[in-house]
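> the sequence and its predicted three-dimensional model are supplied below.
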Amino acid sequence: MPAKVVVLIGTKKGVFIAESDKTRQGWTLRGPFCETWPMNHVIGDPRSGTIYGTGGNEWFGPAVWKSPDLGASWTHSSDGLAYDEGEEPVAAGWSLALAPDGLYAGVQPAGLFKSEDDGASWRHLDGLQKHPTRPEWNPGGAGLILHSLVFDPADARRIWVGISAAGVFYSADGGDSWEPRNLGTRADFLPEGQNYPEFGQCVHCLVMAPGMPDRLYQQNHCGMYRSDDGGRNWHSIEDGLPSSFGFPAAAHPRQPDTLFLLPLNGDSAGRYVPDARAAVWRTRDGGKSWQDLRRGLPQENAYFGVLRQAMASDRLDPAGVYFGTSGGALFASADEGESWQTIAQHLPAILSVETMVLDG
Amino acid sequence: MTQPKPVRVTLAGVLADLFPGAPRHLEVEADSVRGLIDALDRRWPGMRDRICDTRPAIRRHMNVFVDGERCGLEATLEPGAQVHILTAISGG
């Protein structure tokens, strides 16, 4: 029986943890944790309750933090979380994912690491660095970051990553070899006639539909997309949305046709919610049509953005949806986006939001 | 035979705080900055990664001062030297 809902919040100044019971009506907030390091991504393992977070500190570099007790105590390690001597050093961790065979971390500059001892030590999976396109990858606004990390739950050798701004890459062999999977996604920032390259797209967020490992959704710098063949081909799903720009995407825990997006007004228009009125946009039909969900969200003077990893759903029924803003507010819906409440305000800029539902 | 005289080390508080039990002030036997950091890492595993990157060098926003002078990994340490490992001005 679900007993506790934990929302894990990575911010520019530490990790915060919000908790509620399964009704998700009243919330408590604790933090900041991790010595107020900038924490790009925080995840939880619902089997053990362990929390893992990663980020990078300008003084001290990258690390993966771990708490076995819901934030009461933390350890950190970067043992092995490094490129070879002489290469550009790892500046920060950007993404974490638990797969059946271990814990994975995506870093800046873009690369992938694996831990088989619960985050105590790390091993570089160097296939991405050896990819022939690697010398031509260019950084996005936040740097050359591996921010999206998606596994086939039935086969951990199948990995999709999203790298800004190299695009989506896929590995069928656990990270040894990779191929770009960007066909059909635009790069509007390239010269006319070169807008559909093999790689170099600015993917912002990549998520997998539940129960359909070959259905992927993507929020890109230039459009929203769906793929039904593991990313080989992408199709625009942006008709009906207020813009083609945004950062996060959140899949539904059980319904593969349901997706939540949070479009922003445009890459050169301020990157805040359109008309300064906040809305989450939901599709129930795989992106054919969209509904804006606004009840309880600020509908005037809302000049915030929501970053690439800062929206998530939980596994309850009805599913909860959560997002955190650049202005440090955390919003929650316990009814799949129909209505919203404010969990927290005045936090540091929120970089990531994830959920962990613990059984009682 | 005389024992080598250790160097006196002061760690930034935010650095020491990352390693439970690490003091702000301690004495370490070492004859170079690199050797000093190796010795610190043996006592508090992971401390090297917080001070150095893999270029390898002192991190961009960390500073090591030996008797008041900013130094790199190769600097030698005289017995009794005073070493400060400090965070530089950084962030926002």
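Nice, thanks for sending it over. Residues are numbered from 1 along each chain as shown, chains lettered A, B, ... in the order given.
> low-scoring pLDDT stretches of the chain, where are they?
I'll assume chain A. By pLDDT under 70, chain A contains no weakly predicted segment.
> wait, chain B was what I had in mind.
Using pLDDT under 70, the flagged stretches of chain B are B:1-4, B:90-92.
> near chain A, which residues of it?
Contacts of chain B with chain A, taken as Cβ under 8 Å from any Cβ of the partner chain, map to B:14-15, B:17-18, B:45-46, B:49-51, B:53-56, B:59-62, B:87-88, B:90-91. Bear in mind the C-beta positions are built from the backbone N, C-alpha and C, glycine included.
> now, those that are in strands?
Among the residues of chain B next to chain A, the ones falling in strands (DSSP state E) are B:53, B:62, B:87.
> the last one against residue B:15, yeah?
What it means is residue B:87. Yes: contact criterion Cβ atoms under 8 Å: residue B:87 and residue B:15 qualify, at 6.9 Å.
> joint contacts of the two?
Here residue B:87 and residue B:15 have residue A:59 as joint contacts, going by Cβ atoms under 8 Å, 6 or more residues apart in numbering or on different chains.
> checking residue B:40 next. Helix, strand or coil?
At residue B:40 the chain is in helix, as set by DSSP: H, G, I helix; E, B strand; the rest coil.
> which residue packs closest to it, ignoring adjacent ones?
Excluding the flanking residues, the one nearest residue B:40 by Cβ to Cβ, 6 or more residues apart in numbering or on different chains is residue B:47, at 4.8 Å.
> contact partners for that neighbour?
So residue B:47 contacts B:15, B:18-19, B:22, B:37, B:40-41 (Cβ under 8 Å, 6+ apart).
> run the last query once more with 10 Å
Residues near residue B:47 by Cβ atoms under 10 Å, 6 or more residues apart in numbering or on different chains: A:60, B:11, B:15-16, B:18-19, B:22, B:37-41, B:85.
> which one of the ones in strands among the residues of chain B next to chain A is nearest residue A:333?
residue B:87 (40.6 Å; Cβ to Cβ).
> spatially nearest residue to the closest residue to chain B within the stretch 251-360 of chain A, not counting backbone neighbours?
Per Cβ to the nearest Cβ, residue A:349 is where the stretch 251-360 of chain A lies closest to chain B, at 10.4 Å. What sits nearest to residue A:349 in space, not counting adjacent residues and going by Cβ to Cβ, 6+ apart, is residue A:12, at 4.4 Å.
> ditto for residue B:26
residue B:9 (5.3 Å).
> ok, residue A:131 next?
residue A:178 (5.3 Å).
> tell me where chain B has helices.
All helices of chain B, identified by DSSP state H, fall at B:13-16, B:33-43, B:47-51.
> looking at these, which is buried most?
Mean neighbour counts were taken over these using mean count of other Cβ atoms under 10 Å in any protein chain shown, and the top value, a mean of 23, falls to helix B:47-51.
> how close does the most centrally placed residue in chain A sit to residue A:269?
Chain A has residue A:309 as the residue nearest its centroid, 3.1 Å off, counting by Cα atoms, centre = their mean. Going from residue A:309 to residue A:269 by Cβ to Cβ, to the nearest Å gives 22 Å.
> tally of neighbours for residue B:5?
The number of residues packed near residue B:5 is 12, by other Cβ atoms under 10 Å in any protein chain shown.
> isn't it right up against residue B:28?
No: with contacts counted by Cβ atoms under 10 Å, residue B:5 stays clear of residue B:28, the gap being 11.1 Å.
> so residue B:70 sits right up against residue B:85, yeah?
No: look at residue B:70 against residue B:85 with Cβ under 10 Å: they stay out of range, at 11.3 Å.
> between the two, tell me which one has more neighbours.
Shown here are residue B:70 and residue B:85; by other Cβ under 10 Å, residue B:85 has more neighbours (22 against 13).
> any idea how far the more buried one is from residue B:15?
Counting by Cβ to Cβ, the gap from residue B:85 to residue B:15 is 6 Å.
> now residue A:235
Taken as Cβ to Cβ, the span from residue A:235 to residue B:15 is 50 Å.
> the nearest residue to residue A:291 once chain neighbours are set aside: what secondary structure?
Counting by Cβ to Cβ, 6+ apart, residue A:291 lies nearest to residue A:282, which is 5.3 Å off, once chain neighbours are set aside. Secondary structure, three-state DSSP: residue A:282 is strand.
> residue A:282 bridge partners, please.
residue A:260, residue A:291 (DSSP bridges).
> check contacts around it.
Counting by Cβ under 10 Å, 6+ apart, the residues that residue A:282 touches are A:250, A:252, A:258-261, A:289-293, A:321, A:333, A:336-338.
> can you give me the strands for the stretch 1-150 of chain A?
A:2-11, A:14-20, A:28-33, A:39-44, A:51-57, A:61-67, A:75-77, A:92-99, A:102-108, A:111-115, A:123-125, A:145-152 (DSSP state E, counting those that start in this stretch).
> same question for the third one: list its buried residues.
By that I understand strand A:28-33. A:31-33 (16 or more other Cβ atoms under 10 Å in any protein chain shown).
> likewise the first one?
When neighbours are counted by 16+ other Cβ under 10 Å, the buried residues of strand A:2-11 are found to be A:5-11.
> counting contacts, what elements does it pack onto?
For strand A:2-11, the packing partners by 3 or more Cβ pairs under 10 Å, 6 or more residues apart in numbering or on different chains; DSSP states H and E come out as strand A:14-20, strand A:28-33, strand A:39-44, strand A:51-57, strand A:321-324, strand A:330-333, strand A:341-344, strand A:350-359.
> Throw those strands into TSV and include distance to residue A:196, thanks.
As requested, the helices and strands packed on strand A:2-11 are exported to TSV (distance: least, Cβ to Cβ, whole Å):
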stretch	distance to residue A:196
strand A:14-20	39
strand A:28-33	43
strand A:39-44	30
strand A:51-57	33
strand A:321-324	30
strand A:330-333	35
strand A:341-344	40
strand A:350-359	30
